[in-house]
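Asker: dropping the sequence and predicted coords here.
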Amino acid sequence: MTEPITSRDREYLQGAIELAKRCPPSATAFSVGAVIVEAHGAVLATGYSREGDSREHAEEAALGKVAPDDRRFAGATIYSSLEPCSIRASRPRSCTELILATSISRIVFAWREPDLFVDCQGAELLRAAGRHVVEVPDLAELVRRTNRHLLGS
């Protein structure tokens, strides 16, 4: 069963896409934005790729601003412009692993990570762990535009 995409999902996901525009461009990494929203709609944290250092991913940046065992993660949603990574060369834990270390129950993203760098399995791994994963493909073009420096278009 496909979970419905709400207007709230679109609003927060568009916010994540806007955050991605803050990323310093990189020839070896996507520009991604992330927003974590608790069950009642309050934003817990935001982040974008390379926000703190050149190896930081958006989800990692946002998750690093809240304790992993924070009770507000129960029922929370993380919005990411790009599918959370499942493989990392630059860190010991992927963004998928970092999300799974919390009680965040929903993951909403716009664009599946293309196999430019790795074969990403984030959505599949999150679903297999019992998390609700929602893809909003009609917003993917906005994410591709933010990453045109990697795509050659």
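Answerer: Alright, I've got the coordinates.
Asker: buried stuff in stretch 77-95?
Answerer: By neighbour count on 16 or more other Cβ atoms under 10 Å, the buried set for stretch 77-95 is 77-86, 88, 94-95. Using the backbone N, CA and C atoms, a C-beta is placed for each residue, glycine as well.
Asker: now do the SS call for the residue nearest the centre of the chain.
Answerer: Central residue of the chain (Cα atoms, centre = their mean): Ser80, 2.7 Å from the mean position. With DSSP: H, G, I helix; E, B strand; the rest coil as the basis, Ser80 sits in strand.
Asker: tell me the contacts of it?
Answerer: Applying Cβ atoms under 8 Å, 6 or more residues apart in numbering to Ser80 gives the contacts 16, 32-34, 58-59, 95, 107-109.
Asker: inside helices: which ones of the residues you listed?
Answerer: 16, 58-59, 95 (DSSP state H).
Asker: who are the packing partners of whichever strand or helix holds Val133?
Answerer: For Val133, the element it lies in under DSSP states H and E is strand 132-135. Contacts defined by 3 or more Cβ pairs under 8 Å, 6 or more residues apart in numbering; DSSP states H and E place strand 132-135 against strand 106-111, helix 122-128.
Asker: strands paired with that strand, and their directions?
Answerer: Strand pairing for strand 132-135, using DSSP bridges, gives strand 106-111 (parallel).
Asker: sorry, back to before: what separates the next helix or strand after the strand holding Val133 from the chain centre, distance-wise?
Answerer: Remark: after strand 132-135, the chain's next helix or strand is helix 140-146, criterion DSSP H and E. Helix 140-146 sits 14 Å away from the centroid of its parent chain (Cα atoms, centre = their mean, to the nearest Å).
Asker: pull the most distant pair out of the ones in helices among the contacts of Ser80.
Answerer: Greatest spacing in the ones in helices among the contacts of Ser80, by Cβ to Cβ: Ala16 and Cys95 (12.9 Å).
Asker: any common contacting residues for those two?
Answerer: Counting by Cβ under 8 Å, 6+ apart, the common neighbours of Ala16 and Cys95 are 58, 80.
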